[in-house]
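Chemist: I'll drop the sequence and a predicted model, then ask my questions.
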Amino acid sequence: MLKKLYEYLDNEVYIHHAIDRTLCESDYSMHAHDCCEILGFIRGKARCVVEGRSYKLEPGCIIITRPTEIHRVYVEPGEPYERIMLNFRQKTLQSLDPDGILMQPFLDRPLGTHNLYRPQEFQSATGLFFLREMVATPARTRAEQRLNLDVNLLPLLNTLRTIFLVKQTQGNRWNKRDVSLQVIDYINAHLHDELSLDRLSEEFFLSRSQISRIFKKATGSSVLDYITIKRLIRAREYILNGETAANACHLSGFDDYSTFYRAWRRRFSGAPSDLKPTASVQRSLDP
């Protein structure tokens, strides 16, 4: 059973503090957002897989993901899963940080890299401290809640950036990505092109079955499902930026509109043409 201890939502920010005492695996499916996400892990037994990279969670750690970065939390039964989840759009910081300096930990890295921030990496206040401050006083007015969120978001992002810069100076391990992560990188770089198991097999000199097995083990998803979700994410961005559904279909790599439409309806309520630029920050792409 999900119990929300705190929740706030507007067009730019969504935050909640929640506890799951009765866990159901289907509650935590592979998904992506069209905004940035910060997960503060409080307690439980869990790991988070981001674009094929698995991170073991420990109390007090922070997981960050950027828009379109596919991720999933795997929670083991036995104890409650408690977390604070924050989603925000980049434009939230536009007036204060027009150059995107505070967004470096989210944007200046390959997919599935440097997503985890452990408690011991923080020099003073931990990331969880700032998240707890955001949800500490639910009795405030909405204006006060939003102000409290904003004044804690900036130092949190600045702290994450400081740690991120340290991670960068500790050596570039991005070139040591294993085959599954290389396949993920290739797919994301060629979404507009023809993508199939045969094409991936030729590119990586592995059989179709080897590609499928390696990919499933790393991501929990089939290659086809991953490609479809990534293309739907891209199509959603095009539509939110003013493209028609038909144009978004072709720009995101789908061969025909009927295939695109069926895939969209399986994962969203409504038709692609129903999507409006004012879509809530809370919405995500769940398979």
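Modeler: Yes, it's here.

Chemist: how about residue 254, nearest residue that isn't a chain neighbour?
Modeler: Nearest residue to residue 254, sequence neighbours excluded (CB to CB, 6 or more residues apart in numbering): residue 260, at 4.0 Å. For the C-beta atoms, the positions are set from N, CA and C on the backbone; glycine is no exception.

Chemist: before we move on, which element is that neighbour in?
Modeler: helix 257-267 (DSSP states H and E).

Chemist: report the buried residues of that helix.
Modeler: 260, 261, 263, 264 (16 or more other CB atoms under 10 Å).

Chemist: which residues of the stretch 1-150 of the chain score low on pLDDT?
Modeler: 23-27, 138-139 (pLDDT under 70).

Chemist: show me where it has its helices.
Modeler: Taking DSSP state H, counting those that start in this stretch to define them, one finds helices in the stretch 1-150 of the chain at 104-107, 127-134, 142-169.

Chemist: which elements pack onto the longest one?
Modeler: To tie it back to what came earlier, the one meant is helix 142-169. Counting contacts by 3 or more CB pairs under 8 Å, 6 or more residues apart in numbering; DSSP states H and E, helix 142-169 packs against strand 2-9, strand 13-20, helix 104-107, helix 127-134.

Chemist: re the thing from before, from the helices of the stretch 1-150 of the chain, which stretch is densest packed?
Modeler: Among those, helix 127-134 has the highest mean neighbour count (mean count of other CB atoms under 10 Å), at a mean of 22.

Chemist: contacts for that one next, please.
Modeler: 15, 38, 40-42, 60, 62, 84, 86, 117, 119, 148-149, 152-153, 155-156, 159-160 (CB atoms under 8 Å, 6 or more residues apart in numbering).

Chemist: okay, the buried residues of helix 257-267 in TSV with distance to residue 8 next?
Modeler: Supplementary listing: those in TSV, determined by distance: CB to CB, whole Å:
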residue	distance to residue 8
260	34
261	34
263	32
264	29
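
Chemist: can you tell me which of those residues is closest to residue 75?
Modeler: Using CB to CB, residue 263 comes nearest to residue 75 of these, at 27.4 Å.
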